[in-house]
Each structure stands twice: as C-alpha cells, then as structure tokens.
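Engineer: with the input below, show me the fold.
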Amino acid sequence: MILATRNAHKLGEMREMLPGLELRPLPPELPSPVEDGDSFAANALIKARAAQAATGEAAIADDSGIEAEDLGGAPGIYSARYAGEGASDGENLAKLLREVDAAGGGRRAAYVCAIALVDADGTERVFEARCEGRLLREGRGEGGFGYDPAFVPDDTDDERTMAELSAAEKHAISHRGRAARLLAEQLTTG
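Structural biologist: As a prediction, this is how the structure comes out:
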C-alpha cells in the first residue's frame, strides 16, 4: 500500500503503528498535490486520491497538526509551515509558543490527525483522532518531531512531553496512533 508522503518521520511512525501492513512511500517521480483543503480530512483525502490515481494502488495519507485553544485552533492545517514555507520544526514551535504567550498564555492544545484511505477501486474512508494536552513555555526532550518537545499529553500520569516518551508510549496515545488503530481495525474487519 502506498503511504502518500515523503516525510521520513511519518513513514517511520506509520510503519511502527501498522506493522502488518507493507507501506511504501510516494514514488519520487510523482508530484505532490496541492493541499488546499479546509480541514485535516480534506487534505488527507487530496493526498490519498492523488496517490491512488497515479499508482492504481490503494493509498493512505494523513494530515495532522496541532490546534492551540487560545489561538482559535491555529496553526491547525498550517502546522507544518506555521513560521513560513521551509521553516524548521524549531521555528514553527517557537512561533507557536510566542503567539500562545501573546494571546494570554492559555496552554490548552490538541494534536489532530486524519488518515484517509482510498482503495484501489476508489472507495474512500477517513479516520480521525485527537490527543488533548497542554503546551509548555519551552520544549524539552529529544524524541518525536514537530511540536512534540512542548506538548504534554493529558493521557500520561507525569509531566513528560511527547518528545520524552518512548515510541511505544507515544503511539499508544498520540493522535496518529489512535487514527492508525481505527484504520487497522477497518482493514482487519473489511
């Protein structure tokens, strides 16, 4: 099955979360579609549809990001490029933390993930999940990527950030892990 991404972090995480499924990245010669949807689900479908149409194979794609409550859900679908096109994870995180502080310092946030599946016959399904938590004032931890160093999930009994959790701990509670389990359940039950 094609995983419509060239992001090595996402490919690695999805392979860990879906061990019974052989996932191949989007072939390098295929252009990436324009993600101009107005939601995570819409953008995931855009990518999965494009990969399925180009390869004729079943394809999955995810779109995910973080929503800060005090910012009205921003950065949302713009999480990967919040500080501008080509911005690093560190630059995106720094901008989010500055803006949350400027908005009054409310720290509530949620990671959101939508995984779209487009079967070889064109049948479409979307699986969505969330991971609620709060943002720290500065990041810590070496694991994960993106906003993980500053995000403390509600689902743990300690104050570790997503970047301080083991991969297994993170997958058990993360937005992407939850959505992947919904996908796996669908693939198993048909």
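Engineer: tally of neighbours for residue 24?
Structural biologist: 12 (other CB atoms under 10 Å). Glycine gets a C-beta too; all of them are placed from N, C-alpha and C.
Engineer: for the helix or strand bottoming out on mean pLDDT in the chain, buried residues please.
Structural biologist: Every helix and strand of the chain was ranked by mean pLDDT, DSSP states H and E. The lowest is helix 8-17, at a mean of 86. Going by neighbour count (16 or more other CB atoms under 10 Å), the buried part of helix 8-17 is 10, 11, 13, 14, 17.
Engineer: could you point out which element follows it?
Structural biologist: strand 24-25 (DSSP states H and E).
Engineer: secondary structure element for the residue nearest the centre of the chain?
Structural biologist: Closest to where the C-alpha atoms of the chain average out (CA atoms, centre = their mean) is residue 64, at 3.1 Å. Assigned by DSSP H and E, residue 64 belongs to strand 59-68.
Engineer: who are the contact partners of residue 17?
Structural biologist: Neighbouring residues of residue 17 by CB atoms under 8 Å, 6 or more residues apart in numbering: 171, 176, 177, 180, 181, 184.
Engineer: show me what stretch 92-101 is in contact with.
Structural biologist: 66, 68, 70-71, 74-75, 79-83, 87, 106-107, 109, 135, 137-139, 146-147, 149-150.
Engineer: if we can go back for a sec, chain center to the least confident helix or strand of the chain: distance?
Structural biologist: In this view, helix 8-17 has its centroid 11 Å away from the chain centroid, taken as CA atoms, centre = their mean, to the nearest Å.
Engineer: nothing else from me, thank you.
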